[in-house]
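**Student:** Could you look at this predicted model? Sequence included:
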Amino acid sequence: MRALLLRDLRLAIRAGGGFGLGLCFFLILTVLVPFGIGPARAGLAAVAPGILWVGALLACLLSLDRIFALDHEDGSLDLLATSPLPLEGVVAIKALAHWLTTGLPLVVAAPVFGLLLQLPFAAMPWLVLSLLLGTPALSVLGAFGAALTVGLRRGGLLMSALVLPLYIPTLIFGAEITRRGAEGAPVAAPVALIAGITLASAALIPFAAAAALRVNLR
Amino acid sequence: MIDLGKYAGAVIGAYGVSLVLLGGLIWHSVAANARARRDLERQERDG
Amino acid sequence: MSIWEYANPAKFMRTTGAMLPWLLPVAVAATVGGVVWGFLTPDDYRQGSTVKIMYMHVPAAMMAINVWVMMLVASVIWIVRRHHVSALAARAAAPVGAVMTLIALATGAIWGQPMWGTWWEWDPRLTSFLILFLFYLGYVALWSAIEDPDSAADLTGVLCLVGSVFALLSRYAVLFWNQGLHQGASLSVASGERMSAVYRYPLYLAMLGFAALSLALILIRTRTEIRRRRLAALQARELRS
């Protein structure tokens, strides 16, 4: 399992992999938003939590089709399916690798982007915490969407349409934590809820994704 | 004709939208079914 | 005699073929009857004549949810027992449910404009229905994207299971996010009388009509799917021989 994780990480970091693409997209989005909304400090601060979360979600979406598509094309997915490793485990490892290469960099870089968007300083720890708790769910749900559409040509757009509705609860709670953090309101309830969504998704979604992969490899 | 008061536009609009959507759905279902039956009968006769 | 006999396509075609010639007219008559009866009811003292929109809005919203539940049950039956009719019924139901959701959303927007002063409000109920509509669209899109019918049935079945959980989760997440303008349930057994009989009976008839109409349309569309499958099977056999 560790070998598979390391292999996926190496492939992602190598030139042409998805690494850095998400961050780059996130940076461009953050720079574009003030041009659209106007440079007023209060206006930016009000939309910053939502923009940062929507940006993280879209950045995550960008690299989803890489989770299975490349392995499906060169046949290594069939090898993985026949290996002694359970397919559920393969899905979980691949989702973890996706999170380490797209989710985690976003979590680390988010405070800088928050500064650009005039996010109040008090909200920074909550922004990082909410992304840290929420982005794993985005990767796991994304792996499910990628598994559903892996056999399709031009499946990327369809995958976005399937995955985005699944992201709504995570987005709501994540942006709510950041917003409440900025206002100094209590955040315990959304933190518990977003952690619950992430844990439940990480525990159960790999089974659904593995079932979808088995159908697609049939 | 009954008097709908100042909300006549809203009421008639809502009824109109609903009837158009429902009618469209019924028409589409029945037409697709008739087409499938025609194709199948032709296939069973000729094929 | 067990219910599983209807999983046989030939038996299903015979039974529904005998049912539909009277079910569809009855459904249309009940829908039109309920809606027209509702149109003739007196105005509400607070909402004026807009209360008449209810006879479209409430039954459509009810069916939007019920059709999704029916799809969920049909998907589970397909995944567990591999009855093809079940998978095809789930596929046939999705456009019906999507149109019902669209009617509920459109009449809600038209109703909200004079009552709340805005066409669209990010209210929990409206938002949940919009999310439900997105799930319907994704489901239909996945069905039409996959060529092999059995794979498509499997994948959409899994999507329906996962989507149901997340649709429900979104329902409660949006409650957390916004408290909302929408009035509570109009018909509720627990809270006693809320609506006078003048409004209630036409609404019951309209709900019955919408339910029967949805059922009839789902059956017609399932028959269409069965015929298309049979046609494809015949053509494939011809190509082989």
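**Tutor:** Arrived safely, thanks for sending. Residues are numbered from 1 along each chain as shown, chains lettered A, B, ... in the order given.
**Student:** now check stretch C:85-102, is it near chain A?
**Tutor:** No - against chain A, stretch C:85-102 shows no contacts by CB under 8 Å from any CB of the partner chain, the least distance being 12.5 Å. To be clear about C-beta, it is placed using only N, CA and C from the backbone, and glycine gets the same treatment.
**Student:** Send me that stretch as CSV with only the CA atoms.
**Tutor:** Coordinates of the C-alpha atoms in stretch C:85-102 are reproduced here as CSV (Å, rounded to 0.1, in the frame of the first residue of the first chain):
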residue,chain,number,x,y,z
VAL,C,85,-37.5,-3.9,-15.2
SER,C,86,-36.5,-2.3,-11.9
ALA,C,87,-33.4,-0.6,-13.4
LEU,C,88,-35.4,0.6,-16.4
ALA,C,89,-38.2,1.9,-14.1
ALA,C,90,-35.6,4.0,-12.2
ARG,C,91,-34.3,5.3,-15.4
ALA,C,92,-37.9,6.1,-16.6
ALA,C,93,-38.7,7.9,-13.3
ALA,C,94,-35.9,10.4,-13.4
PRO,C,95,-37.2,12.8,-16.1
VAL,C,96,-40.7,12.7,-14.4
GLY,C,97,-39.1,13.6,-11.1
ALA,C,98,-37.0,16.3,-12.7
VAL,C,99,-40.1,17.9,-14.3
MET,C,100,-42.0,17.8,-11.0
THR,C,101,-39.1,19.5,-9.3
LEU,C,102,-39.0,22.1,-12.0
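**Student:** where exactly do the helices run in the chain?
**Tutor:** I'll assume chain A. With helices called from DSSP state H, chain A shows them at A:2-13, A:21-37, A:41-62, A:69-73, A:76-82, A:87-98, A:104-116, A:124-148, A:155-183, A:188-217.
**Student:** The intended chain is chain C.
**Tutor:** Assigned by DSSP H, chain C shows helices spanning C:9-39, C:54-81, C:84-116, C:124-145, C:149-177, C:197-240.
**Student:** just so I know, which of these lies nearest A:I13?
**Tutor:** Nearest to A:I13 among the helices of chain C is helix C:149-177; the distance by CB to CB comes to 30.6 Å.
**Student:** in the closest one, what's buried?
**Tutor:** Residues C:149, C:152-160, C:162-167, C:169-171, C:173-174, C:177 are the ones in helix C:149-177 that count as buried (16 or more other CB atoms under 10 Å in any protein chain shown).
**Student:** go on, stretch A:174-183?
**Tutor:** A:G174, A:A175, A:E176, A:I177, A:T178, A:R179, A:R180, A:G181, A:A182.
**Student:** circling back: okay if I get the helices of chain C as CSV plus mean pLDDT and distance to A:W99?
**Tutor:** Supplementary listing: those in CSV, determined by pLDDT from 0 to 100; distance: least, CB to CB, whole Å:
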stretch, mean pLDDT, distance to A:W99
helix C:9-39, 90, 45
helix C:54-81, 92, 29
helix C:84-116, 90, 32
helix C:124-145, 91, 23
helix C:149-177, 89, 19
helix C:197-240, 89, 39
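**Student:** Out of these, which gets nearest to B:I26?
**Tutor:** Smallest distance to B:I26 across the helices of chain C (CB to CB): 6.6 Å, for helix C:197-240.
**Student:** Which secondary structure elements does that closest one sit against?
**Tutor:** For helix C:197-240, the packing partners by 3 or more CB pairs under 8 Å, 6 or more residues apart in numbering or on different chains; DSSP states H and E come out as helix B:8-46, helix C:9-39, helix C:54-81, helix C:84-116.
**Student:** Run the angle between the shortest one and helix B:8-46 for me.
**Tutor:** Put plainly, it is helix C:54-81. Interaxial angle, helix C:54-81 versus helix B:8-46 (axes from the mean of the first three to the mean of the last three CA atoms, to 10 degrees): 40 degrees.
**Student:** Could you do the second one as well?
**Tutor:** With the same axes, to 10 degrees applied, the angle from helix C:9-39 to helix B:8-46 works out at 160 degrees.
**Student:** Return the list of helices and strands in contact with helix C:9-39.
**Tutor:** Using 3+ CB pairs under 8 Å, 6+ apart, the elements in contact with helix C:9-39 are helix B:8-46, helix C:54-81, helix C:84-116, helix C:197-240.
**Student:** before we move on, what about the first one?
**Tutor:** Helices and strands touching helix B:8-46, as assessed by 3+ CB pairs under 8 Å, 6+ apart, comprise helix C:9-39, helix C:54-81, helix C:84-116, helix C:197-240.
**Student:** And the last one, how far out from the chain middle?
**Tutor:** Right, the one you point to is helix C:197-240. 11 Å (CA atoms, centre = their mean, to the nearest Å).
**Student:** returning to what we had before: okay, the helices and strands packed on helix B:8-46, which one's buried deepest?
**Tutor:** Of all those, helix C:84-116 has the most neighbours on average by mean count of other CB atoms under 10 Å in any protein chain shown, namely a mean of 23.
**Student:** does chain B sit close to that one?
**Tutor:** Yes - using CB under 8 Å from any CB, helix C:84-116 comes into contact with chain B via C:P95, C:V96, C:V99, C:L102, C:I103, C:A106, C:T107, C:I110, C:W111, C:Q113, C:P114.
**Student:** State the pair within those residues that is farthest apart.
**Tutor:** Maximum pairwise distance in the residues of helix C:84-116 next to chain B, criterion CB to CB, is 30.5 Å, between C:P95 and C:P114.
**Student:** Now do C:F129 against C:L168, distance only.
**Tutor:** Distance of C:F129 to C:L168, computed by CB to CB, to the nearest Å: 13 Å.
**Student:** meant to ask about A:A109, not that
**Tutor:** Between A:A109 and C:L168 the distance is 34 Å, computed by CB to CB.
**Student:** Over to A:P86?
**Tutor:** From A:P86 to C:L168 the distance is 28 Å (CB to CB).
**Student:** With A:C24 instead?
**Tutor:** 36 Å.
**Student:** A:L193: how many residues sit nearby?
**Tutor:** Using other CB atoms under 10 Å in any protein chain shown, A:L193 is surrounded by 21 other residues.
**Student:** ok, now which ones touch it?
**Tutor:** By CB atoms under 8 Å, 6 or more residues apart in numbering or on different chains, the residues touching A:L193 are A:F173, C:A173, C:F176.
**Student:** can you do 10 Å?
**Tutor:** By CB atoms under 10 Å, 6 or more residues apart in numbering or on different chains, A:L193 lies in contact with A:L133, A:P169, A:T170, A:I172, A:F173, A:E176, A:I177, C:L169, C:Y172, C:A173, C:F176.
**Student:** got it, and A:I37?
**Tutor:** Going by CB under 10 Å, 6+ apart, A:I37 touches A:G43, A:L44, A:A46, A:V47, A:I51, A:L117.
**Student:** So for stretch A:14-30, first residue to last residue, what's the gap.
**Tutor:** Taking CA to CA, to the nearest Å, stretch A:14-30 runs 26 Å from one end to the other.
**Student:** what is the mean pLDDT for it?
**Tutor:** Regarding stretch A:14-30, the rounded mean pLDDT is 77.
**Student:** Excluding its own residues, what touches that stretch? List them.
**Tutor:** Residues outside stretch A:14-30 that contact it (CB under 10 Å, 6+ apart) are A:8-13, A:48, A:51-52, A:54-56, A:58-67, A:70, A:98, A:100-103, A:105-106, A:108-110, A:112-117.
**Student:** repeat that with 7 Å
**Tutor:** Here stretch A:14-30 makes contact (CB atoms under 7 Å, 6 or more residues apart in numbering or on different chains) with A:11-13, A:55-56, A:58-60, A:62-63, A:66, A:101-102, A:105-106, A:109, A:113, A:116-117.
**Student:** In chain A, where is pLDDT below threshold?
**Tutor:** Low-confidence segments of chain A, defined by pLDDT under 70: A:15-19.
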